[in-house]
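Colleague: fold the following, please.
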Amino acid sequence: MILCTIVVAGELDSRFGDAVEGMTLTVAEGRTELVGTLTDQAHVQGVLHQLFDLGLEVVSFTTSDPSEEQPGTR
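Modeller: Residues are numbered from 1 along each chain as shown. Down below sits the predicted model:
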């Protein structure tokens, strides 16, 4: 499993959340952050391809291991 955070330019509405299955959307300051746990590299590539196919500009992309708990969180 891979925890992904993808930021795209523009404020997307909930319709895009349906297009990018398994990701939650947070909209702020002209950008949209998509966060979700993806199964493997193929799933990550599939999500990125969907975003590019929709003509969205990816501003940033980060991954981490969801089992690595941050201090002070549960």
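Colleague: tell me the buried residues in the lowest-mean-pLDDT helix or strand in the chain?
Modeller: Sorted by mean pLDDT, DSSP states H and E, the helices and strands of the chain end with helix 14-19, the least confident at a mean of 75. Of the residues in helix 14-19, Phe16, Gly17 count as buried by neighbour count, 16 or more other C-beta atoms under 10 Å. In short, each C-beta sits where N, CA and C put it, glycine included.
Colleague: packing partners for that helix?
Modeller: If contacts are counted by 3 or more C-beta pairs under 8 Å, 6 or more residues apart in numbering; DSSP states H and E, helix 14-19 sits against strand 24-28.
Colleague: what's the angle between whatever helix or strand comes next after the strand it packs on and strand 24-28?
Modeller: On the C-terminal side of strand 24-28, the closest following helix or strand by DSSP states H and E is strand 31-38. Calculated by axes from the mean of the first three to the mean of the last three C-alpha atoms, to 10 degrees, strand 31-38 forms an angle of 160 degrees with strand 24-28.
Colleague: so what does strand 31-38 touch, helix or strand wise?
Modeller: Checked by 3+ C-beta pairs under 8 Å, 6+ apart, strand 31-38 has strand 2-9, strand 24-28, helix 41-53 packed alongside it.
Colleague: mind showing which ranges of this protein have poor pLDDT?
Modeller: The chain contains residues with pLDDT under 70 at 69-74.
Colleague: again, only this time at 80
Modeller: Scanning the chain for pLDDT under 80 picks out 14-22, 66-74.
Colleague: which residue is nearest the middle of it?
Modeller: Nearest residue to the geometric centre of the chain (C-alpha atoms, centre = their mean): Leu34, 3.2 Å.
Colleague: mind listing the residues bridging to it?
Modeller: Leu34 has the following beta-bridge partners by DSSP bridges: Ile6, Leu25.
Colleague: that one is in contact with Gly22, isn't it?
Modeller: No: using C-beta atoms under 8 Å, Leu34 is not in contact with Gly22, being 9.5 Å away.
Colleague: overlap in contacts of those two?
Modeller: Here Leu34 and Gly22 share no contacting residue, scored by C-beta atoms under 8 Å, 6 or more residues apart in numbering.
Colleague: select, out of the helices and strands packed on strand 31-38, the one closest to Phe16.
Modeller: Closest to Phe16 of those is strand 24-28 (C-beta to C-beta; 6.6 Å).
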